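Enquirer: Here is the input, now give the coordinates:
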Amino acid sequence: MTPLITIFTAPKPFRDAHIDLIQCNAIRTWTALGKDAEIALIGGEQGIGKAASEFGVRHLPAVKINNDGTPLISSIFELGRSVNASPLLAYVNADVLLLQDFLTSSAKILELVERFLIVGQRWDLDVRESIGGSSGWEEKLLADVRSIGRLHPPMGSDYFIFPRACFQHIPDFAVGRAGWDNWMIYQGRREGWKVIDATASITVIHQDHDYRHLPNGKPHYRLPESGENVRLAGGKRRIFHLEDCDYHMVDGRIKRKKLTWASAVREVETWPVRKMNSDFLNQAFFAVFHPTKAYREFRPHLSKPAGVTG
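Expert: Numbering: from 1, shown residues only. Take a look at the predicted model:
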């Protein structure tokens, strides 16, 4: 029987005790979604194969990597797509806990819309114990989220749900680095799909962690690979956020987001890059709405000697 959704991810190596704990927690909650969800762990990093075996999920180790050894989003999505013929696909960060509303809300949207991208804010929670292995775990987790959880700012997304027909071609972004998640939102708007903020309908919980697993312990947005991701995305003007979603899901219904003054300005500002794919017009519009920022970006070019480029 073909499942409703394939959830795929590229976990970090299972060599740090806390990373091991939170990734196992996440996978355990995904498998609790039942037969409507098939899970695939992608990559050849330490411990991934063992975790896949322990949880009875797919393991796809043959992922393509960049020169730094980081798995590529293009390859991850290609492998995730190859698992089965499920109508829905979902990339989810490997430290994120899922609940049943992940399935029910996705199924409802699939009934109503042909092409879409579902994203949303996450709840941050400090987790130091195993989750998902006993009865009542979901109710206890929700209680913890309500009492001590923190709603993350709308700067990106830790999950992406979309129909199989969408996102068939993706640049060679580096996973776990900044920029590619923002491009997903931009591309959905560029394609004219409904980009749906499901924060009010889907509760996803991100388990807190540090950056010891990254080079020199630096946050992902400070790494050179993040700069390369932004370049592959087409530059900073294509870095969209959850506030750029044009729809949201509330009480089981998909509604167009009401425009505020700020969001209306943003729609006008991004119109050239969304509708015309024009960098020149987009830069011009950006300069109109953000003259100080535009001047600061352009000022270094004014100080270069004649004939010097780059």
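
Enquirer: what about the closest residue in space to V250 that isn't next to it in sequence, neighbour count?
Expert: Excluding the flanking residues, the one nearest V250 by C-beta to C-beta, 6 or more residues apart in numbering is A200, at 4.9 Å. Placement of C-beta: from N, CA and C, glycine included. Residue crowding around A200 was assessed by other C-beta atoms under 10 Å; the count is 13.

Enquirer: Which pLDDT value goes with A200?
Expert: Note for A200: predicted pLDDT of 96.

Enquirer: what kind of secondary structure is it in?
Expert: coil (DSSP: H, G, I helix; E, B strand; the rest coil).

Enquirer: Wait, it touches H248, no?
Expert: Yes. Shown here, A200 and H248 form a contact pair, counting by C-beta atoms under 8 Å, at 6.6 Å.

Enquirer: now the residue nearest to V250: how far from T104?
Expert: 13 Å (C-beta to C-beta, to the nearest Å).

Enquirer: so where's this protein uncertain?
Expert: Where the chain drops to pLDDT under 70, the residues are 210-222, 294-295, 298, 301-310.

Enquirer: Kindly recompute the last result at 90.
Expert: Confidence mapping of the chain against pLDDT under 90 gives the ranges 1, 132-135, 155-156, 209-224, 236-237, 273, 275-310.

Enquirer: Show me how the record splits it into domains.
Expert: 5-253, 272-302 (automatic domain parsing).

Enquirer: Any idea how far apart the tips of the longest one sit?
Expert: Same thing as domain 5-253. Separation of the first and last residues of domain 5-253 by C-alpha to C-alpha, to the nearest Å is 20 Å.

Enquirer: Centre of the chain to it, how far?
Expert: 5 Å (C-alpha atoms, centre = their mean, to the nearest Å).

Enquirer: Looks like A26 contacts A94 (just checking).
Expert: Yes. With contact defined as C-beta under 8 Å, A26 reaches A94; the gap is 5.7 Å.

Enquirer: follow-up on the earlier one: dump the domains of the chain into a markdown table; add distance to L259 as well.
Expert: Listed next are these as a markdown table, based on distance: least, C-beta to C-beta, whole Å:
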| stretch | distance to L259 |
| --- | --- |
| domain 5-253 | 10 |
| domain 272-302 | 15 |
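
Enquirer: deepest of those, which one?
Expert: Counting by mean count of other C-beta atoms under 10 Å, domain 5-253 has the highest mean neighbour count of the domains of the chain, with a mean of 18.

Enquirer: D126 is in contact with I205, correct?
Expert: No. Under the criterion of C-beta under 8 Å, I205 makes no contact with D126, lying 10.8 Å away.

Enquirer: Strands along the chain, start to end?
Expert: 5-9, 37-42, 58-60, 88-92, 96-97, 116-119, 123-125, 150-151, 159-163, 194-197, 205-207, 247-250, 253-256 (DSSP state E).

Enquirer: got those strands as TSV, with distance to N229 columns?
Expert: Putting the strands of the chain into TSV (distance: least, C-beta to C-beta, whole Å) gives the following:
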stretch	distance to N229
strand 5-9	18
strand 37-42	18
strand 58-60	22
strand 88-92	15
strand 96-97	20
strand 116-119	17
strand 123-125	23
strand 150-151	25
strand 159-163	15
strand 194-197	19
strand 205-207	20
strand 247-250	26
strand 253-256	30
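
Enquirer: quick one: which of those is nearest N277?
Expert: Evaluated with C-beta to C-beta, the strands of the chain place strand 194-197 nearest to N277, the distance being 16.8 Å.
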